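return atomic coordinates for the entry below.
(2 chains)
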Amino acid sequence: MAGTIMWVPTLDDALAQSKNSGKLVLLDFFSPT
Amino acid sequence: MTYPQTFVQDIINEYFVPVQINNTLDENKPLLTRFRHIWTPDLRVLDADAYELYRWNGYLPPAEFAAQALTALGQARLRLRQFDQAQGHFSDALRRFSTSFAAPEAAYFLAVTNYRKSGEPNALLHGWHDLEKTYPTSEWTAKQNFD
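Model (predicted):
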């Protein structure tokens, strides 16, 4: 979807999607401002 | 950290499975400990087993972030010995963001990738020669000087 980053809800979900898609995980630790 | 620029969003969506972790929530403390998180922005590139292949800290403006993300992808694919993908990401970083902070790193490791893929020493030496000509004051130029 244009204009939106497709964030996944948890690291475990991201790792599972990575395993299936071959994409790498981008883990972004942030502090809300 | 937010990513309002489309060209940054496109890189993230095309090449990554992205996940954000709020470091102020108690529920995330185990992850902060597991990854030895200390300061934001804190970005990690992981494989599917959560092995950390690359990381960087600190805010970058959008074009610098995009160049850093492409360079990180190249580094990660290189460490996985996926040389064709690494070449593509480093080349993309250099073509699109040649004046970025990350560009000399991309040039350095593009030469390394070409050498690892071909086994041809000239692939390394030519790439590093170009690095020295294009980015003479870069730390990566200093790092390729083994005289």
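
now do the strands in chain A.
In chain A, strands defined by DSSP state E lie at A:24-30, listed in chain order.

how about the residues of it near chain B?
Proximity of chain A to chain B (C-beta under 8 Å from any C-beta of the partner chain) is limited to residues A:2-11, A:13-15, A:17-19, A:21, A:23-32. Backbone N, C-alpha and C define where each C-beta goes, glycine included.

need the CA coordinates for stretch B:90-103. CSV is fine.
Listed next in CSV are the C-alpha coordinates belonging to stretch B:90-103 (Å, rounded to 0.1, in the frame of the first residue of the first chain):
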residue,chain,number,x,y,z
PHE,B,90,25.2,-1.5,-2.7
SER,B,91,24.9,-0.4,-6.3
ASP,B,92,21.5,1.0,-5.7
ALA,B,93,22.8,3.0,-2.7
LEU,B,94,25.6,4.4,-4.8
ARG,B,95,23.5,5.2,-7.8
ARG,B,96,20.7,6.8,-5.9
PHE,B,97,22.5,8.4,-3.0
SER,B,98,26.1,8.9,-4.1
THR,B,99,26.7,11.8,-1.8
SER,B,100,25.3,10.2,1.3
PHE,B,101,27.2,9.4,4.5
ALA,B,102,26.7,5.7,3.8
ALA,B,103,28.0,5.8,0.2
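
now the strands for chain B?
Listed in chain order, the strands found in chain B under DSSP E are B:16-22, B:42-46, B:52-57.

CSV please, covering these and showing distance to chain A and mean neighbour count.
What follows is the strands of chain B, written out as CSV (distance: least, C-beta to the nearest C-beta, whole Å; neighbours: other C-beta atoms under 10 Å in any protein chain shown):
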stretch, distance to chain A, mean neighbour count
strand B:16-22, 4, 22
strand B:42-46, 4, 22
strand B:52-57, 7, 16
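
turn these into a markdown table, including mean pLDDT.
Output for these, formatted as a markdown table (pLDDT from 0 to 100):
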| stretch | mean pLDDT |
| --- | --- |
| strand B:16-22 | 98 |
| strand B:42-46 | 98 |
| strand B:52-57 | 98 |
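
for chain B, list the residue farthest from the centre, please.
No residue in chain B sits farther from the centre than residue B:26, which is 30.1 Å out by C-alpha atoms, centre = their mean.
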